[in-house]
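Q: When you get a sec, could you give me coordinates for this:
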Amino acid sequence: MRIKELLSSREYGSEVTVKGWVRTRRGNKNITFVALNDGSIIHNIQVVIDMSRFDEDLIKLITTGSCIAVTGKLTESPGKEQHVEIHADSIKLYGTADPEVYPLQKKGHTLEFLREIAHLRPRTNTFGAVLRIRHAMSFAVHKYFNDHGFFYLHTPIITGSDAEGAGEMFRVTILDPKNPPLLEDGSVNFAEDFFGRETNLTVSGQLEGELGALALSSIYTFGPTFRAENSNTPRHLAEFWMIEPEMAFYEIEDNMNLAEDFLKYLIRYALENCSADLEFLSGMYDKELIDRLNFVVNNQFERITYTRAVDILQQSAEKFEFPVSWGVDLQTEHERYLVERHFKKPVIVTDYPKEIKAFYMKLNDDGKTVRGMDVLFPKIGEIIGGSQREEELEKLEGRIKALKLPEKELGWYLDTRKFGTAPHSGFGLGFERLLLFVTGMANIRDVIPFPRFPKNADF
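A: Residues are numbered from 1 along each chain as shown. This is a model prediction of the structure:
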């Protein structure tokens, strides 16, 4: 049985078998206590070993990190930490862990050290908790959209488009890096590459997602995305997961309503289904974690325009590291001020200057702003970015020309505005950014099993 099930069982006297990894062993020549964990829950189950019934040499091999199977009687525990324990009748040793070399001994380890042994860190309490929450949030994402009539669309990982126009993409090629085929001007001849053209790892599934929405009405993507951004910060990864719903017939208000409802659902799901892990992480890393999660669930999000946000920031007495003026993108310090100090609730900012937003956002009647939206949370700032998409062909073509984007390569995207165009909207939620908020962890490299960042692609 899984330890999670055993800890809630009251079938005292029943024979059970449990398998897992040893967290600690203590005792004397008469009795030994082993804390066993199988990853199903943050808590361990205590195994009580009567030393007179077992070979002492076997028990010596049951050290921290070793893997065992225990069969015995489930017994009411006299301890305060758990209701039940197992009195061992037989023990099978699957694998030993030499205490001289096994790095996860019973002591505190820094998160920096654990990143160096990412292949073993899931065995720690911290990363067991984070990975269980990551699973729960993944499940909740799919459940929410399925229950709301959305279809899960698999958009390509290898693509020839750059949705954001940022250019920070990982190239996909089979050409010889030392001797690639060249054109007369000396540039690489990608016509001889595998796909017959230059291709990259995707930075977003949005553009392809729009194609699905303009046929199926409501779709969502949930998959890996890649940015070749040379940023060594606690907020950036080169490989991360994105959740991107796209909805036909949604205007900006509908988009905001969905984003707020979706975020509240996910956080409520975590509070209801991950309480033990959240309590552990709160105690270890962030005492305000659970209060902050409830803060989001219990407050209606404030909705303001970018222009009003700039006015509020300029009129505040706060001395920001980055000066605020109309036309400048908001920084995390500005976003957190709006949420934590001014409104004291999550905030959705809309109607940004067109110059600081992507080409596909719908132009407002003023000709200066677009129907973009950012959802701002306490502690982390922006958690969602989205917009109503530009559905009018002439305006979209105008933006593409103004930004000097390759019209020919975006022909397939423009077709959706030529044939049965419709108002539509969508947004992107970085999954790891969500997990930073839900777990209270400070570094994005600690909410993904095997982080990818500059100069690191281990495991």
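Q: what's the helix or strand for residue 374?
A: Here residue 374, judged by DSSP states H and E, is contained in strand 369-377.
Q: scratch that, residue 240
A: strand 239-248.
Q: Pull the distance from the strand holding residue 374 to the chain's centre.
A: 20 Å (C-alpha atoms, centre = their mean, to the nearest Å).
Q: so what does the next helix or strand after it touch, helix or strand wise?
A: Toward the C-terminus, strand 369-377 is succeeded by strand 381-389 as the next helix or strand (DSSP H and E). On a contact count with 3 or more C-beta pairs under 8 Å, 6 or more residues apart in numbering; DSSP states H and E, strand 381-389 meets helix 252-273, helix 332-336, strand 369-377, strand 424-430, helix 431-439. Backbone N, C-alpha and C define where each C-beta goes, glycine included.
Q: Which secondary structure elements does the last one sit against?
A: Read it as helix 431-439. Packed on helix 431-439, when contacts are counted by 3+ C-beta pairs under 8 Å, 6+ apart, are helix 125-147, strand 239-248, helix 252-273, helix 275-284, helix 289-298, strand 381-389.
Q: would you list those in JSON lines and tack on mean neighbour count, mean pLDDT and distance to residue 328?
A: Formatted as JSON lines, the helices and strands packed on helix 431-439 follow (neighbours: other C-beta atoms under 10 Å; pLDDT from 0 to 100; distance: least, C-beta to C-beta, whole Å):
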{"stretch": "helix 125-147", "mean neighbour count": "18", "mean pLDDT": "98", "distance to residue 328": "33"}
{"stretch": "strand 239-248", "mean neighbour count": "23", "mean pLDDT": "98", "distance to residue 328": "26"}
{"stretch": "helix 252-273", "mean neighbour count": "19", "mean pLDDT": "98", "distance to residue 328": "22"}
{"stretch": "helix 275-284", "mean neighbour count": "17", "mean pLDDT": "97", "distance to residue 328": "35"}
{"stretch": "helix 289-298", "mean neighbour count": "16", "mean pLDDT": "96", "distance to residue 328": "27"}
{"stretch": "strand 381-389", "mean neighbour count": "23", "mean pLDDT": "97", "distance to residue 328": "15"}
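Q: Now tabulate these in TSV and tack on distance to residue 4.
A: Compiled in TSV, those are given as follows (distance: least, C-beta to C-beta, whole Å):
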stretch	distance to residue 4
helix 125-147	10
strand 239-248	26
helix 252-273	12
helix 275-284	9
helix 289-298	21
strand 381-389	30
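Q: So for residue 81, which of the ones you listed sits nearest?
A: helix 275-284 (12.8 Å; C-beta to C-beta).
Q: what residue ranges in this structure are flagged as low confidence?
A: 162-167 (pLDDT under 70).
Q: what pairs with residue 21 across the strands?
A: residue 37, residue 67 (DSSP bridges).
Q: so how far is residue 95 from it?
A: Going from residue 21 to residue 95 by C-beta to C-beta, to the nearest Å gives 9 Å.
Q: do residue 228 as well
A: Taking C-beta to C-beta, one finds residue 228 at 39 Å from residue 95.
Q: same question, residue 189
A: Residue 189 is 53 Å from residue 95, by C-beta to C-beta.
Q: can you check residue 321 too?
A: Taken as C-beta to C-beta, the span from residue 321 to residue 95 is 51 Å.
Q: and what of residue 421?
A: Distance from residue 421 to residue 95, by C-beta to C-beta: 61 Å.
Q: Comparing those two, which shows the higher neighbour count?
A: residue 421 (18 against 10; other C-beta atoms under 10 Å).
Q: The spatially closest residue to that one that is not a sequence neighbour: what's it in contact with?
A: Nearest residue to residue 421 in three dimensions, chain neighbours excluded: residue 391, at 4.8 Å (C-beta to C-beta, 6 or more residues apart in numbering). Each residue near residue 391 by C-beta atoms under 8 Å, 6 or more residues apart in numbering is listed here: 362, 417, 421, 422, 423, 424.
Q: returning to that earlier point: so the strand holding residue 374 versus helix 289-298, what angle?
A: Here strand 369-377 runs at an angle of 140 degrees relative to helix 289-298 (axes from the mean of the first three to the mean of the last three C-alpha atoms, to 10 degrees).
Q: Render the CA-only coordinates of strand 369-377 in CSV, please.
A: C-alpha atoms of strand 369-377 as CSV (Å, rounded to 0.1, in the frame of the first residue of the first chain):
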residue,chain,number,x,y,z
THR,A,369,-3.1,51.6,-27.3
VAL,A,370,-3.9,48.0,-27.7
ARG,A,371,-6.3,45.7,-25.9
GLY,A,372,-3.5,43.9,-24.1
MET,A,373,-3.9,42.7,-20.5
ASP,A,374,-1.5,41.6,-17.7
VAL,A,375,-2.6,40.0,-14.5
LEU,A,376,-0.5,41.1,-11.6
PHE,A,377,0.0,39.0,-8.4
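Q: residues of it that come out buried?
A: By neighbour count on 16 or more other C-beta atoms under 10 Å, the buried set for strand 369-377 is 369, 370, 371, 372, 373, 374, 375, 376, 377.
Q: Which residue ranges make up each domain of this structure?
A: If you go by automatic domain parsing, the domain ranges for the chain are 3-95, 123-167+203-446.
Q: Of those domains, which is nearest residue 180?
A: domain 123-167+203-446 (17.9 Å).
Q: mind checking the end-to-end distance for the closest one?
A: 14 Å (C-alpha to C-alpha, to the nearest Å).
Q: related to what we said a few turns ago, and residue 61, which of the helices and strands packed on strand 381-389 is closest to it?
A: Here helix 431-439 is closest among the helices and strands packed on strand 381-389 (C-beta to C-beta), at 34.8 Å.
Q: Flag every buried residue along that closest one.
A: In helix 431-439, counting by 16+ other C-beta under 10 Å, buried: 431, 432, 433, 434, 435, 436, 437, 438, 439.
Q: Just the residues contacting that helix, thanks.
A: By C-beta under 8 Å, 6+ apart, helix 431-439 touches 129-130, 133-134, 137-138, 141, 222, 235, 237, 240-243, 266-267, 270, 278, 281, 289, 292-293, 377, 379-380, 383, 441-442, 444, 447-448.
Q: returning to what we had before: check what contacts the strand holding residue 374 and list those residues.
A: Taking C-beta under 8 Å, 6+ apart as the rule, strand 369-377 contacts 251-252, 255-256, 259-260, 263, 296, 301, 306-307, 330, 335-336, 338-339, 346-354, 357, 361-364, 382-388, 427, 437.
Q: ok, the closest residue to residue 2 other than its chain neighbours to residue 198 distance?
A: Leaving out its chain neighbours, the residue that sits closest to residue 2 by C-beta to C-beta, 6+ apart is residue 40, at 4.2 Å. Distance of residue 40 to residue 198, given as C-beta to C-beta: 46 Å.
Q: Tell me how far the residue nearest to residue 264 when sequence neighbours are not counted lies from residue 384.
A: Nearest residue to residue 264, sequence neighbours excluded (C-beta to C-beta, 6+ apart): residue 297, at 5.4 Å. Distance, residue 297 to residue 384, using C-beta to C-beta: 16 Å.
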